[in-house]
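>>> okay, predicted coordinates and the sequence, questions at the end:
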Amino acid sequence: MKPCIWERLAGAKLVDGKIVLITGAAAGIGRACALMFASQGARLAIVDLQEEGLKEVCQEIQGKGDQALPIVADISRQRDIDHILGGVTDVYGGLDILINNAGGGLATDFLAITLEEWNRIINLNLTSVFLLSQRAAEIFRKRGGGVIVNLSSQAGRSVSPTAGVHYTASKAGVLGLTRHMARILAKDHIRVNAVCPGIINSERLMKRLEERGTREEIIKTVPLGRIGDVDEVAACCLFLASDLAGYVTGAALDANGGSLMI
Ligand SMILES: NC(=O)c1ccc[n+]([C@@H]2O[C@H](COP(=O)([O-])OP(=O)(O)OC[C@H]3O[C@@H](n4cnc5c(N)ncnc54)[C@H](O)[C@@H]3O)[C@@H](O)[C@H]2O)c1
């Protein structure tokens with residue numbers, strides 16, 4: 001008889017030996033994911049635009065005896081996507097888990113958004129997820145399975161309180177893409193899920209809220225009465241990426257302190 005989950009995982013690390021690619025890992029939620037997945041046995045490839053930040057995260061992980069391969073790349077450029085997947089497979093010989101985390105938004109007023117800016121945000125938050133997932137799925141299929149976790153947002157479920165319509169549209173797109181990929185890739189034993197953070201204490205967002213003086217006002221809208229921690233989002237990603245979530249696919253996991261309950 002097959003051992004049950006707690007027998008298989010007793011004393012084990014949650015992603016032991018798994019090859020994990022995380023985008024946007026030099027800061028914020030991506031950095032927290034990198035540190036958490038490394039502590040749980042992953043062999044990491046971490047991607048970011050920021051070379052220095054990436055180097056620091058790698059050194060921190062390697063200093064604890066874990067593996068991390070830094071890849072400096074821009075996920076919104078198609079040729080960089082090939083460079084990223086090529087780098088991971090050259091070094092590790094495959095890929096098991098993809099965390100599509102890198103992303104961001106701008107707070108531009110609706111009437112002031114140019115087509116160029118619209119395309120830039122859609123490219124960064126949505127097209128990159130499609131391209132990276134497509135390439136990863138090719139590798140997963142040959143290996144008999146894999147997992148994709150996409151960072152959407154509370155904005156994708158509803159409306160962004162801090163960024164523009166292009167951000168909301170791109171993150172809603174990520175949820176549709178997640179569901180559709182989950183449906184068509186399930187037969188290849190590939191699970192695809194999304195995490196939808198609310199207001200989380202990444203440095204970038206905290207700086208923006210401080211500048212606008214809206215921090216306290218936003219906290220009042222959160223039933224748990226506080227801003228979320230990057231580690232709390234990383235923990236959701238780890239759960240979805242691990243065998244604990246073996247029967248979960250096409251889901252969107254909210255991590256928003258109760259700000260939006262649907
Ligand atoms: N922080 C929040 O409150 C919050 C809420 C909802 C959703 N999210 C989503 O979570 C993800 C991470 O957010 P965060 O707040 O940690 O962001 P962050 O800005 O703190 O970090 C993002 C990282 O991605 C990197 N990056 C940006 N563009 C890139 C590109 N083109 N190629 C490679 N790397 C790139 C940045 O250099 C940075 O290191 C994003 O997708 C974001 O939309 C965050």
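Ah, there it is. Residues are numbered from 1 along each chain as shown.
>>> buried stuff in the longest helix along the chain?
Looking across the chain with DSSP state H, the single longest helix is helix 165-185. Burial within helix 165-185, assessed by neighbour count using 16 or more other C-beta atoms under 10 Å, is assigned to 165-175, 177-179, 181-182, 185. C-beta: built from backbone N, CA, C; applies to glycine.
>>> equivalent analysis for stretch 216-224, please.
The neighbour-count check on stretch 216-224 (16+ other C-beta under 10 Å) flags 218, 222 as buried.
>>> now do the contacts for residue 37.
Shown in contact with residue 37 (C-beta atoms under 8 Å, 6 or more residues apart in numbering): 15, 20, 22, 44, 97, 99, 234, 237-238, 241.
>>> and the stretch 51-200 of the chain, which of its residues are near the ligand?
Residues of the stretch 51-200 of the chain lying close to the ligand (C-beta under 6 Å from any ligand atom) are 53, 74-76, 101-104, 124, 151, 153, 197, 199-200.
>>> so of those, which two are at opposite extremes in space?
74 and 199 (26.5 Å; C-beta to C-beta).
>>> how about the strands of the chain, start to end?
Counting by DSSP state E, the chain forms strands over residues 19-23, 43-48, 67-72, 97-100, 146-151, 190-197, 252-255, given from the N-terminal end onward.
>>> avg pLDDT for the fourth one?
By that I understand strand 97-100. The average pLDDT within strand 97-100 is 99.
>>> and it, how far from the chain's centre?
Centroid separation between strand 97-100 and its chain, computed with C-alpha atoms, centre = their mean, to the nearest Å, is 6 Å.
>>> quick revisit: for the strands of the chain, give me TSV that also has mean neighbour count.
As requested, those are arranged in TSV below (neighbours: other C-beta atoms under 10 Å):
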stretch	mean neighbour count
strand 19-23	28
strand 43-48	27
strand 67-72	20
strand 97-100	30
strand 146-151	27
strand 190-197	26
strand 252-255	18
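>>> could you dump these into JSON lines and include distance to residue 83?
Formatted as JSON lines, the entries for the strands of the chain read as follows, by distance: least, C-beta to C-beta, whole Å:
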{"stretch": "strand 19-23", "distance to residue 83": "12"}
{"stretch": "strand 43-48", "distance to residue 83": "10"}
{"stretch": "strand 67-72", "distance to residue 83": "7"}
{"stretch": "strand 97-100", "distance to residue 83": "15"}
{"stretch": "strand 146-151", "distance to residue 83": "19"}
{"stretch": "strand 190-197", "distance to residue 83": "23"}
{"stretch": "strand 252-255", "distance to residue 83": "30"}
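>>> closest to residue 38 out of the contacts of residue 37?
Nearest to residue 38 among the contacts of residue 37 is residue 44, at 5.7 Å by C-beta to C-beta.
>>> which residues touch the residue lying closest to the closest one once chain neighbours are set aside?
Closest residue to residue 44 apart from its sequence neighbours, by C-beta to C-beta, 6 or more residues apart in numbering: residue 68 at 4.4 Å. Under the criterion of C-beta under 8 Å, 6+ apart, the contact list for residue 68 reads 34, 38, 44-46, 57-58, 61-62.
>>> more neighbours, residue 74 and residue 199?
With other C-beta atoms under 10 Å as the criterion, residue 74 and residue 199 differ in neighbour count, and residue 199 comes out ahead with 23 against 18.
>>> thought that one was touching residue 229?
No: using C-beta atoms under 8 Å, residue 199 is not in contact with residue 229, being 10.9 Å away.
>>> residue 54 is in contact with residue 69, isn't it?
No: shown here, residue 54 and residue 69 do not form a contact pair, counting by C-beta under 8 Å, at 10.1 Å.
>>> now do the helices in the stretch 101-250 of the chain.
Under the criterion DSSP state H, counting those that start in this stretch, the stretch 101-250 of the chain carries helices at the ranges 115-122, 128-143, 154-157, 165-185, 203-212, 215-219, 230-241.
>>> mind putting the ones you listed into JSON lines with mean pLDDT?
Supplementary listing: these in JSON lines, determined by pLDDT from 0 to 100:
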{"stretch": "helix 115-122", "mean pLDDT": "98"}
{"stretch": "helix 128-143", "mean pLDDT": "98"}
{"stretch": "helix 154-157", "mean pLDDT": "98"}
{"stretch": "helix 165-185", "mean pLDDT": "99"}
{"stretch": "helix 203-212", "mean pLDDT": "91"}
{"stretch": "helix 215-219", "mean pLDDT": "92"}
{"stretch": "helix 230-241", "mean pLDDT": "98"}
